[in-house]
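> what shape does this take:
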Amino acid sequence: MSKPYTITTAISYPNGRPHIGHAYEAIATDAFARFQRMMGRDVFFQTGTDEHGLKMAQTARGKGVSPAELAQEMSSYFKDMDDKLNISYDRFIRTTEPDHHRASQAIWQAMEANDDLYLDRYEGWYSVRDEAFYDEKELSEGEGGEKLSPQGTPVEWTVEESWFFRLSKYQEPLLKLYTEHPEFIQPESRRNEVMRFVEGGLSDLSMSRTSFDWGVKVPGSEGHVMYVWVDALTNYLTGCGYPDDTEQMALYWAEGGDITHIIGKDIVRFHAVYWPAFLMSARLPLPKQVFGHGFLLNRGEKMSKSLGNVADPLELADAFGVDQLRYFLLAEVTFGNDGSYSPEAIVQKANSDLANSFGNLAQRTLSMIAKNLDGVIPDAGDAVEDHEILGMVKAAVRDDIPQALERLAPSIAIDAWIKAVFACNQYVDAMAPWALRKTDPDRMAQVLGTLYACIRDLAIAVMPIIPTSAEALLNAMKVPDNLWTYDFLDSGTDPLDGRTIEPPKPLFPRLELPTEEGADPA
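Now for the predicted structure:
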């Protein structure tokens with residue numbers, strides 16, 4: 001019996017509406033969660049919103065509403081995005097929820113019990129936009145002498161009483177973790193960056209603020225709220241039942257458990273340095289892996305409000321289709337690297353791979369079965385050509401695709417899938433079942449049965465990527481849902497039992513670019 005699998009996105013900071021980068025992270029994480037479920041594993045998938053901190057308080061003040069009202073409104077946009085994009089989360093967590101406050105205070109008390117927290121005075125550079133503290137050595141100078149963080153955000157000199165965490169105490173334990181478990185930080189380039197940072201020395205970390213009150217209260221310390229990253233990172237434990245639900249914790253946050261965080265590359269330090277140090281201090285299990293993916297660029301340019309190129313993922317989904325958007329993002333961007341998108345690229349990829357190649361393959365095959373065989377699904381053929389295409393598809397769906405998804409490499413999985421689709425189309429052209437209908441009807445049936453088996457397996461294999469379309473196709477093919485697993489693809493059989501199908505509906509209508517002025521969703 002395989003052990004449970006826990007996977008999370010970073011929780012989104014909702015001081016603005018979601019953009020395509022948020023959608024990309026959610027879609028990728030959803031694909032990995034769906035894949036693991038299809039592998040027969042007990043999966044816990046969490047996402048949500050990080051609603052505390054100075055930035056939220058300032059944004060609310062600027063809008064003339066309370067932070068709680070702002071958090072309620074903005075969090076709903078992120079949940080709507082997840083639901084629209086068919087994100088199969090098990091919990092959408094909000095850090096304003098009472099059980100999360102309880103978990104945050106519990107981990108604080110565990111770190112305090114380990115003598116890792118002390119009260120002192122903080123003087124240093126703070127970025128409101130990043131909600132992060134920076135050492136002088138990390139800063140650069142911007143125009144007009146303004147000091148900037150490593151992310152290019154302005155920093156301001158801050159002085160206030162603060163609780164501190166003895167981060168310096170964990171320098172060697174962290175380096176040991178990275179050395180003994182190189183898989184902990186991925187991809188390799190992120191691991192190297194983090195190791196260089198930690199090797200350069202760690203300063204103790206300011207852990208509380210007194211200049212505002214929108215956050216989790218520090219237990220036993222009046223006037224202090226927790227540094228937002230303590231609160232934010234603890235969300236992963238909250239969802240797994242910490243501190244009270246020991247049964248849930250034993251399932252989804254156990255020592256040696258399979259726990260993966262999917263996050264943007266700009267917050268790797270918080271997840272790969274601060275988070276494991278907090279967990280070590282609280283004597284809690286560590287995650288297995290932190291994967292820092294790259295950024296999405298709009299036509300090769302970084303998105304920004306000033307450039308007016310920040311894309312609304314819901315508009316893209318409405319314009320091109322949810323599954324088409326999911327497919328494009330996971331196919332075109334090598335996971336871990338930066339990638340670029342444009343409406344033209346989405347249309348081209350969706351039409352080429354989904355409409356013209358896979359959709360047309362399924363449409364032609366199922367239409368011929370419905371028209372020429374009264375919808376009765378035939379058995380696969382036994383000719384050399386039949387075994388060759390069946391073998392190629394089996395190799396892709398049984399080996400190449402699951403191995404790539406296990407490695408968090410969706411573009412490689414899709415590449416293997418589409419190569420198998422192309423091979424099936426070549427087989428159709430070579431066998432020409434429309435010609436066999438007149439010259440050798442029995443052979444036509446064998447060819448169509450072979451294609452049916454290939455299309456069925458390809459539809460099952462691609463379910464984590466395009467779940468709605470794959471499910472619709474499998475239902476049209478009358479494939480029982482108990483076969484929609486990688487276990488079936490590995491060794492199962494499909495007794496056809498005289499099943500019949502109806503003429504199919506087109507699966508992927510061809511996309512066109514918006515033509516009205518200003519209608520470009522990007």
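> any chance you could map the helices in the stretch 51-200 of the chain?
Per DSSP state H, counting those that start in this stretch, the stretch 51-200 of the chain has helices spanning 54-63, 67-84, 98-113, 171-180, 188-199. These are given in chain order.
> please name whichever of the ones you listed is nearest to V155.
Nearest of the helices of the stretch 51-200 of the chain to V155, taken as Cβ to Cβ: helix 54-63 at 12.8 Å. To be clear about C-beta, it is placed using only N, CA and C from the backbone, and glycine gets the same treatment.
> so which residues of the stretch 1-150 of the chain form strands?
Listed in chain order, the strands of the stretch 1-150 of the chain (DSSP state E, counting those that start in this stretch) span 5-9, 43-49, 91-94, 117-127, 132-134, 140-141, 147-148.
> low-confidence ranges, the stretch 201-350 of the chain, go.
300-310 (pLDDT under 70).
> and the next helix or strand past the helix-or-strand element of the chain with minimal mean pLDDT?
Ranking every helix and strand in the chain by mean pLDDT, DSSP states H and E puts strand 301-302 at the bottom, with a mean of 66. Counting by DSSP states H and E, the next helix or strand C-terminal to strand 301-302 is helix 313-320.
> show me what counts as buried in that following helix.
Applying a neighbour-count criterion of 16 or more other Cβ atoms under 10 Å, one finds 313-314, 316-317, 319-320 buried in helix 313-320.
> packing partners of it?
helix 20-38, helix 67-84, helix 322-332, helix 343-349 (3 or more Cβ pairs under 8 Å, 6 or more residues apart in numbering; DSSP states H and E).
> how far off centre is it?
Centroid displacement of helix 313-320 relative to its chain, using Cα atoms, centre = their mean, to the nearest Å, is 18 Å.
> C-alpha coordinates for it, PDB please?
Below are the C-alpha coordinates for helix 313-320, written out as PDB (Å, rounded to 0.1, in the frame of the first residue of the first chain):
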ATOM      1  CA  PRO A 313      -6.900  33.800 -16.200                       C
ATOM      2  CA  LEU A 314     -10.700  33.700 -16.200                       C
ATOM      3  CA  GLU A 315     -10.800  35.800 -19.300                       C
ATOM      4  CA  LEU A 316      -8.300  33.500 -21.000                       C
ATOM      5  CA  ALA A 317     -10.300  30.500 -19.900                       C
ATOM      6  CA  ASP A 318     -13.500  32.000 -21.300                       C
ATOM      7  CA  ALA A 319     -11.800  32.900 -24.500                       C
ATOM      8  CA  PHE A 320     -10.000  29.700 -25.300                       C
END
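> that one versus helix 322-332: what angle between them?
Helix 313-320 runs at 100 degrees relative to helix 322-332, counting by axes from the mean of the first three to the mean of the last three Cα atoms, to 10 degrees.
> report the contact partners of the residue nearest to V230 when sequence neighbours are not counted.
Nearest non-adjacent residue to V230, counting by Cβ to Cβ, 6 or more residues apart in numbering: M207, 5.9 Å away. Listed by Cβ atoms under 8 Å, 6 or more residues apart in numbering, the contact set of M207 reads 117, 162-165, 226-227, 230.
> change it to 10 Å
For M207, the contacting residues are 108, 111, 116-119, 122, 133, 162-165, 167, 218, 224, 226-227, 229-230, 274, 278, taking Cβ atoms under 10 Å, 6 or more residues apart in numbering as the criterion.
> could you do K288 as well?
Contacts of K288 by Cβ under 10 Å, 6+ apart are 5-6, 181, 183-184, 256-261.
> ok, 8 Å please
With Cβ under 8 Å, 6+ apart, K288 has these contacts: 183-184, 257-260.
> that one and E180: what is the separation?
13 Å (Cβ to Cβ, to the nearest Å).
> cool, and L436?
The value you get for L436 to E180, if Cβ to Cβ is used, is 61 Å.
> ok, those two, which is more surrounded?
Neighbours were counted for L436 and for E180 using other Cβ atoms under 10 Å; L436 has more, 19 against 8.
> among the helices and strands packed on helix 313-320, which is nearest R499?
Nearest of the helices and strands packed on helix 313-320 (Cβ to Cβ): helix 20-38, 22.0 Å.
> number of residues surrounding D429?
Neighbour count of D429, defined by other Cβ under 10 Å: 8.
> doesn't it lie inside a strand?
No: assigned with DSSP: H, G, I helix; E, B strand; the rest coil, D429 falls outside any strand and is helix.
> okay, it: pLDDT?
D429 carries a pLDDT value of 97.
> and the gap between it and L361?
Using Cβ to Cβ, D429 is found at 11 Å from L361.
> kindly report the same for W214.
With distances taken as Cβ to Cβ, W214 is found 54 Å from L361.
> L205: how many residues sit nearby?
21.
> next one: Q58
Neighbour number of Q58 under other Cβ under 10 Å is 15.
> what about it, distance to E160?
Distance, Q58 to E160, using Cβ to Cβ: 16 Å.
> correct me if wrong: L139 contacts W125.
Yes: in terms of Cβ atoms under 8 Å, L139 counts as a neighbour of W125; the distance is 6.3 Å.
> now the angle from the strand or helix carrying I460 to helix 20-38?
When elements are assigned from DSSP H and E, I460 belongs to helix 441-461. If you take the same axes, to 10 degrees, helix 441-461 sits at 120 degrees to helix 20-38.
> from the contact counts, what lies against helix 441-461?
Other elements packing on helix 441-461 under the criterion 3+ Cβ pairs under 8 Å, 6+ apart are helix 360-372, helix 384-395, helix 410-431, helix 433-439, helix 467-476, helix 486-491.
> now do the contacts for P433.
P433 touches 368, 444, 447-448, 451, counting by Cβ under 8 Å, 6+ apart.
> out of those residues, which is nearest to S469?
Nearest to S469 among these is L451, at 18.1 Å by Cβ to Cβ.
> find the nearest non-adjacent residue to that closest one, please.
Nearest to L451 is T365, by Cβ to Cβ, 6+ apart, at 4.4 Å.
> do D415 as well
Closest to D415 by Cβ to Cβ, 6+ apart is A331, at 7.7 Å.
> could you do A409 as well?
Leaving out its chain neighbours, the residue that sits closest to A409 by Cβ to Cβ, 6+ apart is F335, at 5.9 Å.
> test my guess that the one you found contacts I414.
No: look at F335 against I414 with Cβ under 8 Å: they stay out of range, at 10.7 Å.
> what is the mean pLDDT for stretch 363-378?
97.
> just stretch 396-411 next, same as before
Mean predicted confidence for stretch 396-411 is 98.
> need the buried residues of helix 313-320 in CSV (columns: distance to E388).
What follows is these, written out as CSV (distance: Cβ to Cβ, whole Å):
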residue, distance to E388
P313, 41
L314, 44
L316, 39
A317, 38
A319, 40
F320, 35
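> roughly how far is stretch 471-479 from the heart of the chain?
On Cα atoms, centre = their mean, the centre of stretch 471-479 falls 26 Å from the chain's centre.
> residues of that stretch that come out buried?
Buried-residue list, stretch 471-479, by 16+ other Cβ under 10 Å: 471-474, 476-477, 479.
> residues in contact with that stretch?
362, 366, 377, 452, 455-456, 459-460, 463, 481, 484, 494, 499-502, 504-505, 507.
> quick revisit: could you dump the helix holding I460 to PDB, C-alpha only?
The C-alpha coordinates for helix 441-461 follow below in PDB (Å, rounded to 0.1, in the frame of the first residue of the first chain):
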ATOM      1  CA  PRO A 441     -14.800  -5.000 -43.800                       C
ATOM      2  CA  ASP A 442     -13.300  -7.400 -41.300                       C
ATOM      3  CA  ARG A 443      -9.900  -5.700 -41.500                       C
ATOM      4  CA  MET A 444     -11.600  -2.300 -41.200                       C
ATOM      5  CA  ALA A 445     -13.200  -3.500 -37.900                       C
ATOM      6  CA  GLN A 446      -9.800  -4.700 -36.600                       C
ATOM      7  CA  VAL A 447      -8.200  -1.300 -37.400                       C
ATOM      8  CA  LEU A 448     -11.000   0.600 -35.700                       C
ATOM      9  CA  GLY A 449     -10.800  -1.700 -32.700                       C
ATOM     10  CA  THR A 450      -7.100  -1.000 -32.500                       C
ATOM     11  CA  LEU A 451      -7.600   2.700 -32.700                       C
ATOM     12  CA  TYR A 452     -10.400   2.500 -30.100                       C
ATOM     13  CA  ALA A 453      -8.000   0.900 -27.600                       C
ATOM     14  CA  CYS A 454      -5.300   3.500 -28.400                       C
ATOM     15  CA  ILE A 455      -7.600   6.400 -28.000                       C
ATOM     16  CA  ARG A 456      -9.100   5.000 -24.700                       C
ATOM     17  CA  ASP A 457      -5.600   4.700 -23.200                       C
ATOM     18  CA  LEU A 458      -4.500   8.100 -24.400                       C
ATOM     19  CA  ALA A 459      -7.600   9.700 -23.000                       C
ATOM     20  CA  ILE A 460      -7.000   8.100 -19.600                       C
ATOM     21  CA  ALA A 461      -3.300   9.000 -19.600                       C
END
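> fine by me, we can end here.
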